[in-house]
Structures are given as structure tokens and as C-alpha cells.
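J.: sequence-free structure coming up:
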């Protein structure tokens, strides 16, 4: 059974996302929240890595955190889907456990 | 489904408590149960009754209190982490209670999922 | 305690990713781990990324005015907490080996540890 991983730090500042990607199992869900939503944006120097990750994992980003930061959901890396807080709850419910990569 | 929530950071330095609050609110709206919200590390500062944020900002402590009031959510502040940081019965906001770290482990055992929010 | 009589045994993993002393997380995770011992759960403790520094030998924080809690890691087996894992890559990246650690641990690769994490019921990372 798969896990939900949450990541809340910008990949340009901290290694939380890299560590998460290095440990998550294929098919696991990863939700980018808070400052980690910048990782989901197209055009960055890690966009290729995120697009690859989206092929191995179910990659999601929290919509309200995108909006708060002026990030346009139309400009996400391909394969990343937007969820709201209710979607976050259901991801937590659908997976076996939640690992917050703090 | 029963959720246990862990809040690791104080109310204003970090977004953690806000996200935890939004998650908890959405879980209740979706018909889930919140077994307990546990405040640990600097998260205990969410329970102070002495905070006075400017009127044009959200009041994180009041947000939690309202959830406790409307949905009987169990808001537990770690006694050891609270003592370290001066969160004691005398300045504890109504709706919160102080108890031991065992309450977090118990939430891990009793709840279907534990979701942590922090730095 | 009710929970001790409930008979439910879950797999808990405490994942340490942060170094000691600069922030309080290492110390307060340790307090959490010690409490968990009273609940007869299947407790796992992992040190990855900068968390490996928590169990580095020779810590002496007296001059920075902080408590030296590192000996407590050696006392964990007295609480029946014996499943301590360290990530091989985390050690190697930091120029450390198993000899630099103050407590006996099982060294696992990142892949092995990731797989183990996937088997857990409750994960608390700090």
C-alpha cells in the first residue's frame, strides 16, 4: 500500500524534496505544500527532474498555496495535479500513512 | 476516518499551524473525525491566551479555539514542551488542555492516520 | 493505561533529518521516542541526512550552554528501543563512517531505508 509524502520547503533552499524523492516508493503520492509549491512550476532549473518524478510518483500541489504565491496553475510541470485542502485530506485517507518531510 | 494532527511550530513564524488548521477544518467538512490535535515543540505557543495579533490579521489561536468549540476537537498541548516555553495553565487559551507526550503516541495508535505539520 | 491494554501494535518510525544543538528538534524527538517505549509499539528510529550528526561521537555542548543529551541514545536499548538505522549515503556524504557513531546501529542504503519507511503505520519526521 502506498504512502503520502508531504514536502513544504522550497527546493532552492532546502533538501527536503530531494530527500523525499530519494526515499519514496514508486506509486507513492507526493504533495507539495507551502513553500514547496515553487518546485511544481515550469521553467525552473529543476523542472526536468520534477517531470521525471511525476512519472514515478503521483505528484500533487496544493492550490491555495500556489495562489497565495502568485503561481499560475496553468504553468505547472506536466504531470503535476492541483488539489485543495479537501483533496489533501482525501490523499491522506487513501494512502496507508503520511510522511511529512520536515 | 480518524485523523491525529501534530503541530510542530508556533502560530506566526511558520505557516505550519495555518495549514494544519485548514487540513483539520477540511477533514471535518468531509465527514472525517479528528481524534486529537497535539501541539509539540514551539507548536505549544499556539495555545497562549496572551497573543494579540493586529486586527487585520488572522488569529491563529482563535481559529483553533473555534474548531474546538464547534466540533469538540481535542486540542492537547505537551506539558514538557509547554513548561519549557512558559505555556502553563495560567495562560492557556480556553479550548486547549495540557497533557503528556503519551497523548501523541496514543493518537498514533488510535487514529487511522497521523498528519504532521512543521518547519 | 488503556492504550497498553488495547493490544494494538503499530509500526512507528521516528525519522531524524536535522543536526543536534542548532535547533531543539533532536532533543525533543528523543523525548518522544522515550515516551513511546511505554506503549509497547514496534518503534524504529532512523537517522538520515543531517540527522546522522545526532549520533556522532564526542559531542560536548557545555561551552555553548546546552545540555549534552547524546549519551541518551546509548540508553535506548534499556527501553527496548533497539531498531536504530542509519543511512549509508548520509554517512558517506558527510565523510563519516560507522566508527564515528556513539551507538550501535544498522547501516542501510537509501533504497533499503525507503522500502522500510513504506512498511510503517506512523511516521514522525523532524
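T.: The structure has been received and is ready for your questions. Since the model is a prediction, treat every value here as computed from it, not as a measurement.
J.: Quick test: name the residue nearest the centre of the chain.
T.: Answering for chain A, as no chain was given. Computing the C-alpha centroid of chain A and ranking residues by C-alpha atoms, centre = their mean puts residue A:32 first, at 3.0 Å.
J.: Correction: the question concerned chain C.
T.: Computing the C-alpha centroid of chain C and ranking residues by C-alpha atoms, centre = their mean puts residue C:45 first, at 3.8 Å.
J.: Following the helix or strand where that one lies in sequence, what is the next regular element?
T.: Using DSSP states H and E, residue C:45 sits in strand C:42-47. Next helix or strand after strand C:42-47 toward the C-terminus (DSSP H and E): helix C:71-75.
J.: For that next one, give me every contacting residue.
T.: Applying C-beta atoms under 8 Å, 6 or more residues apart in numbering or on different chains, the contact partners of helix C:71-75 are C:30, C:34, C:54-55, C:84, C:102-103. Backbone N, C-alpha and C define where each C-beta goes, glycine included.
J.: Show me which residues of chain A sit near chain B.
T.: A:6, A:8, A:33-35, A:64, A:84-86, A:88-90, A:92-93, A:97-98, A:100, A:102 (C-beta under 8 Å from any C-beta of the partner chain).
J.: So which of those belong to helices?
T.: Secondary structure defined by DSSP state H assigns A:64, A:85-86, A:88-90, A:92-93 of those to helices.
J.: Quick check on the residues you listed: which are buried?
T.: Neighbour-count burial (16 or more other C-beta atoms under 10 Å in any protein chain shown) applied to those gives A:64, A:85, A:88-90, A:92-93.
J.: Including distance to chain C and pLDDT, could those residues go into JSON lines?
T.: Formatted as JSON lines, these follow (distance: C-beta to the nearest C-beta, whole Å; pLDDT from 0 to 100):
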{"residue": "A:64", "distance to chain C": "23", "pLDDT": "98"}
{"residue": "A:85", "distance to chain C": "21", "pLDDT": "98"}
{"residue": "A:88", "distance to chain C": "17", "pLDDT": "99"}
{"residue": "A:89", "distance to chain C": "18", "pLDDT": "98"}
{"residue": "A:90", "distance to chain C": "19", "pLDDT": "98"}
{"residue": "A:92", "distance to chain C": "12", "pLDDT": "98"}
{"residue": "A:93", "distance to chain C": "14", "pLDDT": "98"}
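J.: Which residues of chain C lie near chain B?
T.: Applying C-beta under 8 Å from any C-beta, we find that chain C lies next to chain B at C:1, C:3, C:6, C:8, C:10, C:12, C:24-25, C:28, C:31-32, C:35-36, C:38-39, C:41, C:121-126.
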